[in-house]
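Student: below are the sequence and a predicted model; questions follow.
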Amino acid sequence: MKILFIVETHQGAIKAAEQLFPLALKMNGDIIALNISDILIIKRISQSSDKSESEIAIEMEEDGWKYLYYIEEMAKNFGVKIFLEQEEGYFESVISKYVDKFQPGLLAISCRVSGGTSEIKNMAKIIESIRNNIKCPMLLL
């Protein structure tokens, strides 16, 4: 079974991986770890920064690869087969594209939020949007 795992660049992704890898072993699953450089976040950061959108996009991509490589090492230690992917785009659209492309049996998303009520509501909207546009089970970690 293929498991599409959305890897974000925060400690929640590491904790989510620690939960996901034992499950992947039990399910004999291969993990496709995907990091998304979200265009909306790039634009938002650029508006409140002295850096250009392209500079921020490059930094986000570099951070994304750091997390992906760390997650890859974790997977090797667990004995889980993993493939790494990264793409820039709109979060929900990229996830839909990869679900269509790989036809995973499970979509795993870390949904740990560190902010207040507005961040929780925003995450809930994103999860709802993804859930309505994909055709595979979702696991929120």
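Tutor: Perfect, I can see it now.

Student: now Thr7: how far from Leu140?
Tutor: Wrong residue type there; residue 7 is Val, not Thr. From Val7 over to Leu140 the distance is 14 Å, taken as C-beta to C-beta, to the nearest Å. (Each C-beta comes from the backbone N, C-alpha and C, glycine too.)

Student: hey, where'd the strands end up in this protein?
Tutor: Using DSSP state E, the strands found in the chain span residues 2-6, 30-38, 82-89, 106-109, 138-140.

Student: tabulate those (a markdown table), appending mean neighbour count, distance to Gln19 and mean pLDDT.
Tutor: Below are those laid out as a markdown table (neighbours: other C-beta atoms under 10 Å; distance: least, C-beta to C-beta, whole Å; pLDDT from 0 to 100):
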| stretch | mean neighbour count | distance to Gln19 | mean pLDDT |
| --- | --- | --- | --- |
| strand 2-6 | 23 | 11 | 97 |
| strand 30-38 | 22 | 12 | 96 |
| strand 82-89 | 16 | 15 | 97 |
| strand 106-109 | 22 | 9 | 94 |
| strand 138-140 | 15 | 9 | 90 |
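
Student: how many neighbouring residues does the closest residue to Phe78 other than its chain neighbours have?
Tutor: Nearest in space to Phe78, with sequence neighbours left out and distances taken as C-beta to C-beta, 6 or more residues apart in numbering, is Phe21 at 4.0 Å. Here the count is done by other C-beta atoms under 10 Å, and Phe21 has 22 residues near it.
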